[in-house]
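In: Could you work out the structure for the sequence below:
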Amino acid sequence: MIKVGIIDYDCGNLFSVHHTLKHIGAEPYFCKTPDDTARADRLLLPGVGAFGDAISTIRQRGLAEAICEVAKAGRPVMGICLGMQLLVDKSEEDEGQQGLGLIPGQIVRLPTNAREINSRFKIPNVGWSHLNRPEGIDWSDTILKRNNEKDFTYFVHSYHLDSKNSKHVLATQKFGDMQSPSVIVRDNISGCQFHPERSSDAGLNILKTWIEL
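Out: Below is the predicted model of the structure:
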């Protein structure tokens with residue numbers, strides 16, 4: 001059975017993620033110290049809250065280096081929602097705070113200017129949105145290989161990724177007139193801006209595929 005270490009930094013959705021992973025056949029457990037990550041076949045970084053508080057707690061517990069060591073060793077690492085944002089270089093939500101640097105990019109606020117976005121789109125962005133496949137991106141042999149374009153997934157966020165490499169963006173969501181990255185990948189590192197544990201069959205398919213990679 002695949003052992004999934006869930007990084008515990010006092011965020012809000014630990015138990016729903018744990019329950020979902022157990023439901024799909026994994027053996028999840030919580031990682032509160034660097035030593036806890038040693039027996040994990042893969043790590044999952046969940047997240048609800050602010051970037052600065054989250055990365056500070058992760059660093060204080062010595063988990064940042066542990067996560068990076070697991071990634072360096074080639075074991076799969078996935079981030080969810082805020083956890084996905086923590087995988088990249090930095091965020092304008094808390095300037096001066098560096099992320100884990102596992103995927104190039106910066107986290108920026110969703111646009112609010114009326115010229116940029118239709119006023120009916122509110123921030124935070126809360127609700128269901130389609131998975132869209134960017135042109136030239138193949139989902140086979142990725143965490144989306146069981147999914148279809150237009151599958152619905154559930155979002156709760158005010159910030160999104162400004163990617164430095166379009167090849168790292170597996171899927172997007174439409175927000176106003178823009179396409180915002182919703183699934184990212186770089187080698188054994190992946191992230192979902194939405195909550196797969198709250199996204200019905202579409203989300204379960206992503207997590208099932210991920211634990212099998």
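In: Next, the buried residues of the lengthiest strand in the chain.
Out: Determined from DSSP state E, the single longest strand within the chain is strand 178-186. If you call a residue buried by 16 or more other Cβ atoms under 10 Å, then strand 178-186 has these buried ones: 180, 181, 182, 183, 184, 185, 186. Backbone N, C-alpha and C define where each C-beta goes, glycine included.
In: What is the host helix or strand of residue 59 packed up against?
Out: Using DSSP states H and E, residue 59 falls within helix 51-60. Applying 3 or more Cβ pairs under 8 Å, 6 or more residues apart in numbering; DSSP states H and E, one finds that helix 51-60 makes contact with helix 63-72, helix 82-86.
In: now the worst-scoring helix or strand of the chain on mean pLDDT against strand 178-186, angle please.
Out: For the chain, the helix or strand with the lowest mean confidence is strand 125-130, at a mean of 85 (criterion: mean pLDDT, DSSP states H and E). For strand 125-130 against strand 178-186, the angle by axes from the mean of the first three to the mean of the last three Cα atoms, to 10 degrees is 80 degrees.
In: who does the following helix or strand past strand 125-130 touch, helix- and strand-wise?
Out: Remark: after strand 125-130, the chain's next helix or strand is strand 152-157, criterion DSSP H and E. For strand 152-157, the packing partners by 3+ Cβ pairs under 8 Å, 6+ apart come out as strand 125-130, helix 200-212.
In: Now do the buried residues in the first one.
Out: Looking back up the chat, that one is strand 125-130. 125, 129, 130.
In: Could you dump these into TSV and include distance to residue 36?
Out: As requested, the buried residues of strand 125-130 are exported to TSV (distance: Cβ to Cβ, whole Å):
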residue	distance to residue 36
125	33
129	34
130	36
